[in-house]
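Trainee: quick one: sequence and predicted model below, then my questions.
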Amino acid sequence: MTGGEKWRQPEENSIEALVHGINFSDGVEFDLRMDCDGELVIFHDEFVPGEGGIANRCIENMSTSELRSNGVVVFEDLISEPKFVESWSEVGKTVDIEIKIPHPVTKIGTDRYLGSIMERLEESIGPLGLPERTTIVSSFSPRISPVAKSSEFGFPVTRLMPRIRSWGRYWRLKRIVAMPHFASTSVPSMVNNFRDEGMESIGMALDYLVGWTRFVSPGSAVGIRGRGLEKLHRSLKGMGAFVWPAPLGMEDELIGAGISLVSDHLDPDVLAKPDGSIRWPRPASQPLDEEWKGIFGSASVNEYGDLFREASASLPSWSELGAKLRADIVVKRGRSSYWEGSEEKWSKEAERGLPWGCPRIIGHRGAGKTHGV
């Protein structure tokens, strides 16, 4: 326990959830849509709950005032929240913005929609002066990279795999529909294609890396340990990899493998992982030094709360670290993950911010999903 009142998980994609997630972990992921007034709103599903046909309840067909009355967060409200923006712009936390594609009933063209969101997004966050590699924009749509290039979008983008259709509320059905695409795509081929398109990272389901499902796709299977992990790293060559879901029991192994996690485990009262060891949710934005690793490793469970609070208060954030320490962290990761290039190149990369190939723990929909898929 961290002390005080027991934590209550806030509603996904709410300002409360996003503020909690960006401060408790290395950053947050959230879902972005555009309403009929041209405002960006934060909402996962295609339409708001209600009765009758869905066309009038689709986010893209509703006004900003209607959406506010339904509890939908307007993006401008989020970037007016100092507790969120300070972590993003000054501490250097990571924000992964997933653009959701409208339901087909809206008859909105994908390219036009993506381009409009990218334009509005740049207008909104451009003035914040965000550090490099603190923002990434993602989508399941294969059109995200071509549209970003044609519109000269100023932020890095990545595609999420396998391709999951943009509509439907039932995860089981979506998985069934996505299976043919999953079975026909291998991680090495995806990585090569993404690299050719100029992307610096890939977002993918954990099934590509863990369990029998990783053998379904054609070509060489990759994994998170042994030869499978080496094959993964030699394919990535320094590109970042974000996976979901992120079981708490696999967190250390995934982070150790250099893989970023989109996690639903953001409860600050849960300080012990399933193996009993203490959990540290900020490996990228507030990395543990060797002294603290030793302290954590030798601690007893009843010490976890005090140690967590002390480490949180005393360890410097990534932005506060000296240039040499930042370079050392990046070079160490580059060596262990078979990055392309030289150590000198990696050290210079650290000056531009934490490379995408360095693992992060990202809060899914802020503080973890609370409904839907």
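Mentor: Cool, got the structure.

Trainee: tell me, how many residues neighbour residue 227?
Mentor: By other Cβ atoms under 10 Å, the residues close to residue 227 number 11. All C-beta atoms are positioned from the backbone trio N, CA, C, and that covers glycine.

Trainee: now it: how far from residue 188?
Mentor: Look at residue 227 and residue 188: by Cβ to Cβ, to the nearest Å, they are 13 Å apart.

Trainee: same question for residue 125.
Mentor: Taken as Cβ to Cβ, the span from residue 125 to residue 188 is 33 Å.

Trainee: also residue 208?
Mentor: 11 Å.

Trainee: hmm, residue 14 and residue 73 touching each other?
Mentor: Yes - assessed by Cβ atoms under 8 Å, residue 73 is found in contact with residue 14 at 6.1 Å.

Trainee: where do the helices of the stretch 151-300 of the chain begin and end?
Mentor: 171-183, 187-196, 226-236, 251-256, 290-297 (DSSP state H, counting those that start in this stretch).

Trainee: this structure: strands as residue ranges?
Mentor: Taking DSSP state E to define them, one finds strands in the chain at 27-34, 40-42, 73-74, 94-99, 135-139, 157-161, 201-205, 240-244, 260-263, 361-364.

Trainee: paired strands for the longest one, with orientation please.
Mentor: Take DSSP bridges as the rule and strand 27-34 pairs in its sheet with strand 40-42 (antiparallel), strand 94-99 (parallel), strand 361-364 (parallel).

Trainee: so which of the ones you listed is the most surrounded?
Mentor: Ranked by average neighbour count under the criterion mean count of other Cβ atoms under 10 Å, these are headed by strand 361-364 at a mean of 28.

Trainee: hmm, who's touching that strand?
Mentor: 12, 17-18, 20-22, 24-29, 94, 96, 242, 244, 246, 251, 255, 260-264, 266, 281-284 (Cβ atoms under 8 Å, 6 or more residues apart in numbering).

Trainee: skipping its backbone neighbours, what lies nearest residue 130 in space?
Mentor: residue 89 (5.4 Å; Cβ to Cβ, 6 or more residues apart in numbering).

Trainee: between residue 208 and residue 188, what contacts are shared?
Mentor: Common contact partners of residue 208 and residue 188 (Cβ under 8 Å, 6+ apart): residue 222.

Trainee: quick one: low-confidence residue ranges for the stretch 51-200 of the chain.
Mentor: Within the stretch 51-200 of the chain, the ranges that satisfy pLDDT under 70 run 163-184.

Trainee: mind listing what the residue lying closest to residue 312 once chain neighbours are set aside touches?
Mentor: Once flanking residues are discounted, residue 312 sits nearest to residue 286: 7.4 Å by Cβ to Cβ, 6+ apart. Going by Cβ under 8 Å, 6+ apart, residue 286 touches 312, 315-318.

Trainee: make CSV out of these and add neighbour count and distance to residue 193.
Mentor: Formatted as CSV, those follow (neighbours: other Cβ atoms under 10 Å; distance: Cβ to Cβ, whole Å):
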residue, neighbour count, distance to residue 193
312, 15, 40
315, 17, 38
316, 12, 38
317, 16, 35
318, 23, 30
